[in-house]
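Engineer: Kindly return the folded structure for what I paste below:
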Amino acid sequence: MAGQARDWEARFQRLAVKCKALEKENRRLKSLKKRSTSKIMLFLVMVVYFIGFGAGIYAVTHILEMYPDQAVQALIAILSYVGAPTTAAIGFYTWKARGENIIKIPIEHKLENGGTENEESNG
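Structural biologist: A predicted model of the protein is given here:
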């Protein structure tokens, strides 16, 4: 009987370890899914920025050849048109990532130490 109990206890321990590993992998996959959407959006904004920057340089060089007096105003207009939305998107992304990390890091720390999400930290 004692040997059988130890066998069941060992099986239970192995299952508990596997369950904990699967929960950790599930959390990791969920976080990858969330992060990938934001990172894709940020990547697309940056691609648009660099395309706009290249088009702006091209336009400014041609305006500089034809109308040297208006090249600076053209450059300011192009950079404002591309830079303002890009700055807003990068600012929003960093604000969002900071908020997610503030929530996520303490929860992961508690779960790794055997606590639950509802417990308050002692310090």
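
Engineer: from here on, contacts and neighbour counts on C-alpha atoms
Structural biologist: Noted.

Engineer: show me where this structure has helices.
Structural biologist: Shown for the chain, the helices assigned by DSSP state H span residues 2-66, 71-112.

Engineer: got the angle for the first one vs helix 71-112?
Structural biologist: Between helix 2-66 and helix 71-112, the angle comes out at 170 degrees (axes from the mean of the first three to the mean of the last three Cα atoms, to 10 degrees).

Engineer: so what secondary structure elements neighbour helix 2-66?
Structural biologist: Packing contacts for helix 2-66, counted by 3 or more Cα pairs under 8 Å, 6 or more residues apart in numbering; DSSP states H and E, involve helix 71-112.

Engineer: The last one now?
Structural biologist: With contacts defined as 3+ Cα pairs under 8 Å, 6+ apart, the secondary structure elements packing on helix 71-112 are helix 2-66.

Engineer: Just the mean pLDDT for the helix it packs on, thanks.
Structural biologist: Mean pLDDT, computed over helix 2-66, is 77.

Engineer: now do stretch 78-90
Structural biologist: For stretch 78-90, the mean per-residue pLDDT is 80.
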